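Peer 1: how does the following fold in three dimensions:
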Amino acid sequence: MKKFKAGLFGLGVVGSGVYKALQQNEKYGVSIEKIAVKNIEKERNLELPNGILTTEADEILDNTDLDIIIELINDPKEAFSIVKKAFERGKSVVSANKKMVALYHKEILELREKHGVKFFYEGAVCGSVPILRLLDQHYKSDQVKSIKAIANGTCNFILSKMVGENQDYATALKDAQELGFAELDPYSDVSGEDTRFKLSIMIYHAFGVFVHPNEIPLHGINHLDEHIKDFAQKHHLKLKLVGEAQQQNGKITAKVEPQLVNESHDFYTIENEYNGIVVDAEFSGEQFVKGKGAGSFPTALAVLSNLKDLKYDLAIAKSLVKKEIEFSNKSKREIYFISGFENEISGLTILDQEEKYYIVNTDFNRLINLKQEHLNLYWVKIPQDIFNKIKNHEVLI
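Peer 2: Have a look, this model is predicted:
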């Protein structure tokens, strides 16, 4: 079988993992002939052949000997330009750039169809967890009702440390940065933005609808303090940042926010840098998958899997679909733990309260509006079954 030649854009954490794996194992049948980087002189813990590095994108894109482009850079706009040019030159692309895919998703798939090439991006969502493959293949004959995901290892690591090891947010974040799970600027992770990018992509594969990430309301973990940590520990609960989307009555709703889970929920076992996804479908019911969501080799594995798909000409990617389903950002009333306010908040249905926090029945959009007045306000969703157990326990005491 033909050995494919590839051009690689980006030699960071994931790019290095892909290069090492291809060098060490010939079973993939792909050789990297040229690598585009920003700085050739940068020290790298890799043995590279002379002349393999370049700073000129066109040196790769215009090379007619190359069959595949592997796109693994950070900048979404630059990445989209690379993908577009590759398509125009008849080259298929494998990417792990969740921000680029989420922001340009519909346009990329339209260009893919127009130029008759392939575009795989399993590595863009949840690292080693093959959730896009599962949604495209396993659920293609089923009707997905909802999807819930812990999709950011940085947030999950921080929340695990806060509740499990009694660390404050700042200390847990510092540990995550020192271990390489968090960037020096962790905004995209802790704000929930990274999870929102991934949820946007999963919505298309689950429901066949393009939802731009900016349409999905979000609330991150960057204002969580000791009050919610103490509350979670007191009731033997864990904190998780969850992206969720559901289809109901012909409409898709979605959001990203921190939630409390107990030992009966699959997410209770997801710790540190691991990701987990629960898919609920009409015939399959609820199914749960977990795995490492970040890192050099876990994400590289997803890229390598897509390279194999290209090598064997597998048509696993979801085709463009058009469904008459609307996206709605209207939120329903749920139960929330809220804290981080300086003054008393009126106009809420308060179910319980202490000096530093309330438990309320309200909706996400109302809390978003309140945050404009109380900048440090934060909330954590309490599922109804957990709230019922807490109240029953307090009654017994």
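Peer 1: going forward, measure contacts between C-alpha atoms and count neighbours the same way
Peer 2: Noted.
Peer 1: count of residues packed around the closest residue to residue 292 other than its chain neighbours?
Peer 2: Among residues not flanking residue 292 along the chain, residue 274 sits closest, at 4.4 Å (Cα to Cα, 6 or more residues apart in numbering). Residue 274: 23 surrounding residues under other Cα atoms under 10 Å.
Peer 1: contacting residues for residue 274?
Peer 2: 153, 156, 290-294 (Cα atoms under 8 Å, 6 or more residues apart in numbering).
Peer 1: from the residues you listed, which is closest to residue 206?
Peer 2: residue 290 (17.3 Å; Cα to Cα).
Peer 1: helices along the stretch 51-200 of the chain, start to end?
Peer 2: Taking DSSP state H, counting those that start in this stretch to define them, one finds helices in the stretch 51-200 of the chain at 57-61, 76-88, 98-115, 131-133, 153-164, 169-178, 187-190, 193-207.
Peer 1: now tell me what touches the last one from outside.
Peer 2: Taking Cα under 8 Å, 6+ apart as the criterion, the residues outside helix 193-207 that touch it are 98-99, 101-103, 105, 124-126, 132, 135-136, 139, 144, 147, 149-152, 187-189, 209-213, 216, 218, 220, 242-245, 247, 255-256, 318.
Peer 1: and it with helix 98-115, angle?
Peer 2: 40 degrees (axes from the mean of the first three to the mean of the last three Cα atoms, to 10 degrees).
Peer 1: from the middle of its chain, how far away would helix 193-207 be?
Peer 2: Centre-to-centre, helix 193-207 and its host chain are 7 Å apart (Cα atoms, centre = their mean, to the nearest Å).
Peer 1: stretch 16-33 too?
Peer 2: Per Cα atoms, centre = their mean, the displacement of stretch 16-33 from the mean C-alpha position of its chain is 25 Å.
Peer 1: just stretch 360-368 next, same as before
Peer 2: The mean C-alpha position of stretch 360-368 is separated from the chain mean by 24 Å, Cα atoms, centre = their mean.
Peer 1: adjust the sequence numbering to begin at 193 for everything that follows.
Peer 2: Okay, using 193 as the starting number, the last item reads as stretch 552-560.
Peer 1: got the contact list for it?
Peer 2: The contact list for stretch 552-560, computed with Cα under 8 Å, 6+ apart, reads 522-530, 540-544, 571.
Peer 1: can you lay out the helices of the stretch 243-392 of the chain as CSV showing mean pLDDT, mean neighbour count and distance to residue 430?
Peer 2: Shown next, in CSV, are these (pLDDT from 0 to 100; neighbours: other Cα atoms under 10 Å; distance: least, Cα to Cα, whole Å):
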stretch, mean pLDDT, mean neighbour count, distance to residue 430
helix 249-253, 96, 18, 46
helix 268-280, 98, 18, 33
helix 290-307, 96, 19, 27
helix 323-325, 94, 22, 24
helix 345-356, 94, 25, 7
helix 361-370, 91, 18, 14
helix 379-382, 94, 19, 17
helix 385-399, 96, 26, 18
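Peer 1: among the contacts of stretch 552-560, which two are most distant?
Peer 2: Between all members of the contacts of stretch 552-560, the farthest pair (by Cα to Cα) comes out as 522 and 544, at 25.3 Å.
Peer 1: which stretches of the protein have low pLDDT?
Peer 2: Low-confidence segments of the chain, defined by pLDDT under 70: 193, 507-516, 586-589.
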